[in-house]
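>>> structure, please.
(chains A and B)
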Amino acid sequence: MQTTTTQPVSVEIELSEEDSLIQSTVRDVLTREGAQERARQWWANDVDFDRALWSTLSNLGLTDMVASSAHGGIEAGTLTASVVSEEMGRFAAALPFEMHSTALRLLAHIGASEAPRVSDGVLTVVLVPNDGASAQMVPEGAVADLILWPAAGELLYLADFDREHVASMGMNRFANVTLRANAAGARCEVQASAVENARTFATTMFASRMVGLGDWMLSQCAAYAGSRVQFGRPIGSFQAIQHKLAEMHIAMAASRFLTRHAAMALHEGTDGQLEASRAKAFTGATLWRVATEAHQIHGGVGFVLDHPLHLYFAQARGADSLFGSTREHHQRVGQAVLGGIGHRPNLMLGVA
Amino acid sequence: MRLTLSEQQTEFRKQVADFLEANWEGTDAVGMGAFGDEESHEKELAFKRKLAEFGWLGVALPQEYGGAGKTPMEQFLFVEEVTYRGAPHSYIGVGFVAPTLIRYGTEEQLKRFLPPLIRGEIEFCLGYSEPDAGSDLASLQTSITEDGDDLVINGSKIYTTNAHRVEYCWLAGRTDPDVPKHKGISLAIVPLDSPGVTIAPLMTSGGERTNQVFFDSVRIPKANLVGEKNRGWYYLAVALDFERFNGFPLGGIRRSFDELVDAVRVATVDGRPLRDEPWVQEVIGRLSTRLEATMTLKLNTVAIAERGEVPNTEASMLKVMASDIAQEIAFGANEIFGPAALIKKGQPGAIANGRFEHALRSTVLQRFAGGANEIMKNIIAQRGLGLPRD
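Down below sits the predicted model:
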């Protein structure tokens, strides 16, 4: 028989004033700069990204918030970063925010203040399986100015490396990265747990981007279904369409809550893995549904490149592909629950 | 806003848990008060009276009527603890009738009905569905006509679960047949011991009893009309919001999942632990994830209620997902344990003492009770997303 513990119920339903302000600031800037329209030109070019837009955000202090002051940041919380990533997703902004933040946060987390500062540039971190000399499909590897590479208890800071761009659909600017033989970059010690924590952070960040991508697709679908007339009436008046949209709405709401909950759990100093796995699993499954139904609801209108939907579909695939699929995370959650790590599923309610 | 328990709320929750530990034996009852045999019904009534003595039956109802005056958050915590253990509470009376009556009833009605409800002396059943009015509830035909100081009721209500065990029916009837269907409905409170009331049992696939109730010129005082005549549809909508919000606690569903986890943990297949099977881990992880997602929707409705609002679209969203996950857990148990999940309670080899055998049959109810999920999706699409009605 289970007994009740006194762990707090703690779930973010609405944002704090500070995070709301950051959210509306990012949204305003991305609207004003035409981020969604600009993202189209990077659809067929993922060797590079929108550096001008990145600079605009960087000048406002919005790209480096999670960094320590040594790297130009304010050590903003995970939830704040998650909210910014949501906004990037909402505009399908062609920006490397998630991996960049993961790298900066890792540096802040381990106190590596001596690591080189790359003003206005992009960082990434090698979290894919690798042999310590070469790594395949490093997200943002094609555009990074500095790569962090955890290997054998050390974290290498690499500004100088070989890279080979990998053309792919997800707008993650992948590259196969190879260490140069004489690469004697600076380095510091890193614990495996810090690397694992970075992986959990990245998992949460890509879930966050999917929340933004899905939110936009849902609202776009509702608007389109309300105005597109067939058989003499808006298609949104048909139950076949209404029920799709209602299901998308339910799944998006839960995706957002689970993802913010995961961000908060990580921020509050737990390892946050279970929460991140649940967020990524649920949000990934949701985005497959939302993105495919968004195409179905828009039909040909959404299939031509004049419409931005293809950007959202592609980025949803990219974000879902990274840091574990729905099935992979479901299995992890199952292992944790069955193994007694997350003893009871209802951590949010604190029943142990 | 962040939902975090205050020390006071944490303490309250612990008090509820301690109370349950002391006064309610672990049970495999469904916990809705209506479904057990006579013996378990007596046990449930006795427990409700104990809850009342402790001052918790009317957990969030105003203190002036004998309630505990707790917040929606505390009510949520209370109901979660109670339902997790399969214990009864005032599911309908306190859950949806009282909050609706507080909004639209007269002071006299509040004084007449709330104190005995909160003392555990009376309870309500719902008189909504009719043989020819289900999802199209507004087409209901049971008539309420005025005759001097009385109202006279004729017609029939169906799926009136608990009618044979409670004192009152919270009934929706037609007071004006000559106006559009939504504009001629009124709500009334009908004592079930009135002459002309006949209650006939209907047994269900889940093994529980529900009823059909016949009203043959049943007279009730006009003082039992709720709010204004012909405004009943609007009151009903609010009562249904409370039903989809308060009426879908997750305690029983969480308990069901926990029992599934416990069963998997101790099981072996060909001498190997079942818990090591990757596909089993995946099923459990999916259910756990979807259950936690449902909890976020529940907490969202609590947050709305804490602001003093009535969750509407959000309650419908919760209702859909909660009813889905309840069924998914039962099905998940069947996926994992195969035919062993179908062994009945009390038989050798029954998984979790037959809990899932029963759940497989009974959880089909949730997806159409309290408004079919398809109707919920219409509400979500039209009110939540602003899509046009057809």
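
>>> give the contact list for residue 152.
With no chain named, the answer covers chain A. Residues near A:Ala152 by C-beta atoms under 8 Å, 6 or more residues apart in numbering or on different chains: A:Gly132. Where C-beta positions appear, they are placed from N, C-alpha and C, glycine not excepted.

>>> that answer is for a different chain, and I need it for chain B
With contact set as C-beta under 8 Å, 6+ apart, B:Val152 has these partners: B:144-146, B:217-219.

>>> ok, now B:Phe78?
By C-beta under 8 Å, 6+ apart, B:Phe78 lies in contact with B:12-13, B:16, B:56, B:59, B:70, B:89.

>>> for B:Pro177, state which of these is nearest.
Taking C-beta to C-beta as the measure, B:Pro177 lies nearest B:His89 of these, at 37.9 Å.

>>> any idea how far chain A is from that closest one?
17 Å (C-beta to the nearest C-beta, to the nearest Å).

>>> again with B:Leu140
Relative to chain A, B:Leu140 is positioned 22 Å away (C-beta to the nearest C-beta).

>>> let me know the pLDDT of that residue.
With respect to pLDDT, B:Leu140 scores 97.

>>> phi, psi for it please.
When read as degrees, to the nearest 10, the backbone of B:Leu140 gives phi -60, psi 150.

>>> ok, B:Ile153 next?
When quoted as degrees, to the nearest 10, the phi and psi of B:Ile153 stand at phi -110, psi 130.

>>> these two touch, right, B:His164 and B:Asn211?
Yes. Between B:His164 and B:Asn211 a contact is recorded at 6.0 Å, counting by C-beta atoms under 8 Å.

>>> quick one: secondary structure of the most centrally placed residue in chain A?
In chain A, the centroid-proximal residue (C-alpha atoms, centre = their mean) is A:Phe206; its distance is 2.0 Å. Here A:Phe206 is helix, with the state taken from DSSP: H, G, I helix; E, B strand; the rest coil.

>>> for the closest residue to it other than its chain neighbours, helix, strand, or coil?
Take A:Phe206 and drop its neighbours on the chain: the residue closest to it by C-beta to C-beta, 6 or more residues apart in numbering or on different chains is A:Ala319, 4.3 Å away. Assigned with three-state DSSP, A:Ala319 falls in the helix class.

>>> and the residue of the stretch 51-200 of chain B found nearest chain A, what does it touch?
The shortest separation between the stretch 51-200 of chain B and chain A is 6.7 Å, found at B:Glu80 (distances taken as C-beta to the nearest C-beta). By C-beta under 8 Å, 6+ apart, B:Glu80 lies in contact with A:349, B:249-251, B:254.

>>> pipe those into a markdown table and attach distance to A:Ala44 and neighbour count per row.
Formatted as a markdown table, these follow (distance: C-beta to C-beta, whole Å; neighbours: other C-beta atoms under 10 Å in any protein chain shown):
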| residue | distance to A:Ala44 | neighbour count |
| --- | --- | --- |
| A:Leu349 | 47 | 28 |
| B:Pro249 | 52 | 24 |
| B:Leu250 | 47 | 26 |
| B:Gly251 | 53 | 22 |
| B:Arg254 | 48 | 25 |
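
>>> export those to a markdown table and tack on secondary structure, pLDDT and distance to B:Pro201?
As requested, the contacts of B:Glu80 are exported to a markdown table (DSSP: H, G, I helix; E, B strand; the rest coil; pLDDT from 0 to 100; distance: C-beta to C-beta, whole Å):
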| residue | secondary structure | pLDDT | distance to B:Pro201 |
| --- | --- | --- | --- |
| A:Leu349 | helix | 51 | 37 |
| B:Pro249 | coil | 90 | 26 |
| B:Leu250 | coil | 93 | 30 |
| B:Gly251 | helix | 92 | 28 |
| B:Arg254 | helix | 92 | 31 |
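
>>> out of those, who's nearest B:Val261?
Set against B:Val261, the nearest of these by C-beta to C-beta is B:Arg254 (10.5 Å).

>>> that closest one against B:Leu291, yeah?
Yes. Look at B:Arg254 against B:Leu291 with C-beta under 8 Å: they come within range, at 6.8 Å.

>>> tell me which stretches of the stretch 251-352 of chain A form helices.
For the stretch 251-352 of chain A, the helices defined by DSSP state H, counting those that start in this stretch occupy A:273-298, A:300-303, A:309-321, A:326-339.

>>> a markdown table for those helices, including distance to A:Glu154?
Below are the helices of the stretch 251-352 of chain A laid out as a markdown table (distance: least, C-beta to C-beta, whole Å):
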| stretch | distance to A:Glu154 |
| --- | --- |
| helix A:273-298 | 23 |
| helix A:300-303 | 47 |
| helix A:309-321 | 28 |
| helix A:326-339 | 27 |
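
>>> so for B:Ala305, which of those sits nearest?
Judged by C-beta to C-beta, the one of the helices of the stretch 251-352 of chain A that comes nearest to B:Ala305 is helix A:273-298, at 24.2 Å.

>>> orientation of that closest one relative to helix A:326-339 in degrees?
Here the directions of helix A:273-298 and helix A:326-339 differ by 150 degrees (axes from the mean of the first three to the mean of the last three C-alpha atoms, to 10 degrees).

>>> give the other helices and strands that helix A:273-298 contacts.
With contacts defined as 3 or more C-beta pairs under 8 Å, 6 or more residues apart in numbering or on different chains; DSSP states H and E, helix A:273-298 has these neighbours: helix A:192-227, helix A:239-267, helix A:300-303, helix A:309-321, helix A:326-339, helix B:278-306.

>>> turn the ones you listed into CSV, columns for distance to B:Lys183 and mean pLDDT.
Converted to CSV, the helices and strands packed on helix A:273-298 look like this (distance: least, C-beta to C-beta, whole Å; pLDDT from 0 to 100):
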stretch, distance to B:Lys183, mean pLDDT
helix A:192-227, 27, 97
helix A:239-267, 24, 95
helix A:300-303, 40, 97
helix A:309-321, 43, 97
helix A:326-339, 47, 96
helix B:278-306, 28, 94
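
>>> against A:Ser20, how distant is the residue of the stretch 1-150 of chain B at minimum distance from chain A?
Closest residue of the stretch 1-150 of chain B to chain A, C-beta to the nearest C-beta: B:Ala17 (4.1 Å). Counting by C-beta to C-beta, to the nearest Å, the separation of B:Ala17 from A:Ser20 is 36 Å.

>>> low-confidence regions, chain A specifically.
By pLDDT under 70, the weakly predicted segments of chain A are A:1-13, A:184, A:341-352.

>>> repeat for the stretch 201-350 of chain B
Those would be none, if you go by pLDDT under 70 across the stretch 201-350 of chain B.

>>> where along it do the strands fall?
B:209-221, B:225-226, B:268-269, B:272-273 (DSSP state E, counting those that start in this stretch).
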